[in-house]
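Chemist: This is the structure alone, sequence omitted:
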């Protein structure tokens, strides 16, 4: 694939898919900071950010790229978090952040330094609770990662890392380096962007690359069908591509969201989130619902989102909007009792989250509401009381199947319900 060229001097055009991606990045990173700085006794949060394909940080008409989004969000959220903590009589939080920017184009890095300077100067003068240190590299991402970036972060002893890897094609970031990121740091998250056709070409049976992950023969056949245009229905195309993407990259992290950037004219760009904890996936799902229709999923709307038959009525286009949430709640009424039954008749809420968030697009509020509404389930506190409201559910609670189980026959006839 020919690399897309940007005019960083004049200012690059901001494509629609990039605008959607930046919207998600900004909203999720803000919520990430709120969650990570929420403990009442906390006074310090340390973070390392890597923007592996940074660009110059500015587009035409002054729109922010990812580098300035990170810095601006850090500035705004430090103020927001500490205003709320001060009002509650809590200690203020100091945020220390190392941001590493890399781009293979030297002009992009030179312009980035110019564009960032005013923001950093303003923060230094006005925000004593935020410290930002920037490092700049000019190399292919994986070369920079193995020769410099990894050691740079390890030297800080920082456990919290956030990688934004916004590549044009696919081959600049392999599954191997994502897996290494996720296992090297205790609290790691990755946002990965790529073009689906580039990934399919990389995984094609005709590609003998040593780095290629082997897929099931059925998946290899579907790749050829997708590349040759033989799967013509757009929604079915999205569903098959999503399953292939997930099969290829699910080994990289415990929690992987294989959703595309929504474009009804053709789903070309994927924005994937990788995390080591269910809480990160939970927050990411909720952010996608706040900005409905920015991403798209085709398949089931409840748990086990990729276990579907494209021709079955349970398969639908999920756009993280209000209509999708209604469909999701219908599916969850069956899926949640089914998941709990696999553990017996009771499960800790935290353990339920660990299982449920491995493969669901659902909003956390909908999951909680269905648990409370379902007549066959009850939520018991550690003191033996029963939860009556969805927003009071805690990770240490127990979800229990009631003795009178109206759904039980469903499990005796699973084949009929598929």
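Modeler: Arrived safely, thanks for sending. Just so it is clear, the structure is predicted and the values come from calculations on it, not from any experiment. Numbering: from 1, shown residues only.
Chemist: so residue 107 is in which element?
Modeler: Residue 107 is part of helix 106-126 when elements are defined by DSSP states H and E.
Chemist: What pairs with the helix or strand following that helix, parallel or antiparallel?
Modeler: Remark: after helix 106-126, the chain's next helix or strand is strand 130-137, criterion DSSP H and E. Its sheet considered, strand 130-137 pairs with strand 94-102 (parallel) by DSSP bridges.
Chemist: what's in contact with the strand it pairs with?
Modeler: For strand 94-102, the surrounding residues in contact (CB atoms under 8 Å, 6 or more residues apart in numbering) are 33, 37, 43-54, 67, 70-71, 74, 78, 109, 112, 129-139, 141, 144, 149, 152-153, 156, 158. The way it works is simple: take the backbone N, C-alpha and C, and place the C-beta from them, glycine included.
Chemist: re earlier: could you check the angle the helix holding residue 107 makes with strand 130-137?
Modeler: 170 degrees (axes from the mean of the first three to the mean of the last three CA atoms, to 10 degrees).
Chemist: PyMOL command for the buried members of the contacts of strand 94-102?
Modeler: The buried residues among the contacts of strand 94-102 can be selected in PyMOL (16 or more other CB atoms under 10 Å) with this line:
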select buried, resi 33+37+45+46+47+48+49+50+51+52+53+54+67+70+71+74+78+109+112+130+131+132+134+137+141+144+149+152+153+158
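Chemist: Helix or strand: which one has the residue nearest to residue 395 when sequence neighbours are not counted?
Modeler: Leaving aside its sequence neighbours, residue 395 sits nearest to residue 350 (CB to CB, 6 or more residues apart in numbering; 3.9 Å). Element membership of residue 350 [criterion: DSSP H and E] is helix 349-356.
Chemist: what's the average pLDDT for the following helix or strand past that helix?
Modeler: As assigned by DSSP H and E, the chain's next helix or strand after helix 349-356 is helix 364-373. The average pLDDT within helix 364-373 is 96.
Chemist: quick one: least confident helix or strand in the chain?
Modeler: helix 414-417 (a mean of 44; mean pLDDT, DSSP states H and E).
Chemist: Next one, pLDDT for residue 12 please.
Modeler: Residue 12 is given a pLDDT of 76.
Chemist: again with residue 418
Modeler: 42.
Chemist: buried set for the helix or strand where residue 325 lies?
Modeler: Using DSSP H and E, residue 325 falls within helix 322-341. Buried residues in helix 322-341, defined by neighbour count with 16+ other CB under 10 Å: 324-325, 327-329, 331-341.
Chemist: before we move on, back to that, for the helix holding residue 107, packing partners?
Modeler: helix 66-87, strand 130-137 (3 or more CB pairs under 8 Å, 6 or more residues apart in numbering; DSSP states H and E).
Chemist: In JSON lines: the ones you listed, plus distance to residue 244 and mean pLDDT.
Modeler: Output for these, formatted as JSON lines (distance: least, CB to CB, whole Å; pLDDT from 0 to 100):
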{"stretch": "helix 66-87", "distance to residue 244": "27", "mean pLDDT": "97"}
{"stretch": "strand 130-137", "distance to residue 244": "32", "mean pLDDT": "97"}
